[in-house]
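Asks: sharing a model prediction with you, sequence too.
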Amino acid sequence: MQTIAISNAICVWLCCGANRFENKKLGKFKGPAQLIERNQGKNRNRIDCGFFFFIFAEKYAMTKKERFQKVIDYFSKHQPVAETELVYREPFELIVAVILSAQCTDKRVNIITPEFFKSFPTVETLAAASVEHIFELIKSCSYPNNKAKHLQGMARTLLAEFNGVVPSGIDDLQKLPGVGRKTANVIAAVVFNKPAMAVDTHVFRVSARIGLTTNSRTPLDTEKQLVKHIPEKLIPLAHHWLILHGRYVCQARKPKCKECGLTEFCRYFASMNKDVGK
Ligand code: SF4
């Protein structure tokens, strides 16, 4: 904010200085159009500098570090507790739920899993199940064919390579069928409280809109930019802040900016409202 104040002060000084000069020399100044019309001679450089600083101030007013701090402060105050909305009792159940949640809502997954875990309460029972049986229990979620195969494969790999115990390492987790980097990060963060940032569609979109990431083209790029600026101990929490904010406030098609507490330091909001008041 200090940067904003200084930049804006320079901008105002430069433009007003030019304005005063014009008024004295050419009579009462009537508005910006007239200012531009009169923008000739020695004074031109000063006016140009004012506009340049205005653009500079808008674009670079808030440093990345300041923006991150504002967002962390906001969520720490208003959402000190943020957790996954998937219902689970143990790491094995969370892996199943996260695999099911790909391209599907947590709400739908929470409808499916109670019956699912009645039929397959352990890694062993799931490993022994047929793909057809698994499919029957998960067919109301998206991509049930693939997910049924992944769930069976995940349980079999857990038994064969990890003694049926969910590993904590990102690389080990990614050896399980159906577990990509995002799912591995969710398990590492939620179950083992590791500083792993899972980037789903909400985290990707919200981070870009607020301005926490710049020109990110992939989830991995977003992950790297986020973990660089968020203190390690807050990363698991920040993951849920961004997901929940994307799910309920900063929605994909129509962000609810009027209900959002981040407007003051949101890059998207600033860009959408820069013409207001002109
Ligand atoms: S101000 Fe709008 S765009 Fe920015 S984070 Fe909030 S809802 Fe999203």
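Replies: All right, it came through fine. Numbers count the residues shown, from 1 in each chain.

Asks: so which bits of the stretch 101-250 of the chain are right by the ligand?
Replies: Contacts of the stretch 101-250 of the chain with the ligand, taken as C-beta under 6 Å from any ligand atom, map to 209, 210, 249, 250. The C-beta positions use only the backbone N, C-alpha and C, and glycine is treated the same way.

Asks: so which of these wins on neighbours?
Replies: residue 250 (25 neighbours; other C-beta atoms under 10 Å).

Asks: residues touching whichever strand or helix holds residue 132, excluding its own?
Replies: Assigned by DSSP states H and E, residue 132 belongs to helix 131-138. Applying C-beta atoms under 8 Å, 6 or more residues apart in numbering, the set of residues contacting helix 131-138 from outside is 100, 112, 115-116, 119-120, 126, 144-145, 147-149, 151-152.

Asks: give the other helices and strands that the following helix or strand past that helix contacts.
Replies: Note on helix 131-138: by DSSP H and E, the next helix or strand toward the C-terminus is helix 144-162. Packed against helix 144-162 by the contact rule (3 or more C-beta pairs under 8 Å, 6 or more residues apart in numbering; DSSP states H and E) you find helix 91-101, helix 123-128, helix 131-138.

Asks: just how off-centre is the shortest one within its chain?
Replies: Centroid separation for helix 123-128 versus its chain: 35 Å, with C-alpha atoms, centre = their mean, to the nearest Å.

Asks: same deal with the first one?
Replies: Per C-alpha atoms, centre = their mean, the displacement of helix 91-101 from the mean C-alpha position of its chain is 21 Å.

Asks: for residue 199, list the residues it contacts.
Replies: When the contact criterion is C-beta under 8 Å, 6+ apart, the partners of residue 199 are 182, 185, 207, 219, 220, 222, 223, 226.

Asks: and the spatially most central residue of the chain, what element?
Replies: With distances taken as C-alpha atoms, centre = their mean, the residue of the chain nearest its centroid is residue 203 (2.7 Å). Assessed by DSSP H and E, residue 203 sits inside helix 201-210.

Asks: and that helix, what's buried?
Replies: Using 16 or more other C-beta atoms under 10 Å as the test for burial, helix 201-210 gives 202, 203, 204, 205, 206, 207, 208, 209, 210.

Asks: distance check, the first one against residue 243.
Replies: Distance from residue 202 to residue 243, counting by C-beta to C-beta, to the nearest Å: 5 Å.

Asks: what of the fourth one?
Replies: Applying C-beta to C-beta, the value for residue 205 to residue 243 is 10 Å.

Asks: next one: the third one
Replies: When distances are taken as C-beta to C-beta, residue 204 and residue 243 turn out to be 10 Å apart.

Asks: now do the contacts for the residue in the stretch 51-200 of the chain that the ligand sits nearest to.
Replies: Here the residue of the stretch 51-200 of the chain nearest the ligand is residue 71; by C-beta to the nearest ligand atom that distance is 8.9 Å. By C-beta under 8 Å, 6+ apart, the contact set of residue 71 is 210, 212, 262, 265.

Asks: how about it, secondary structure?
Replies: helix (DSSP: H, G, I helix; E, B strand; the rest coil).

Asks: any idea of the pLDDT on it?
Replies: Per-residue pLDDT puts residue 71 at 97.

Asks: how close does the closest residue to the ligand within the stretch 101-250 of the chain get to residue 129?
Replies: The ligand sits closest to residue 250 of the stretch 101-250 of the chain, with a gap of 3.1 Å, by C-beta to the nearest ligand atom. According to C-beta to C-beta, residue 250 and residue 129 sit 39 Å apart.
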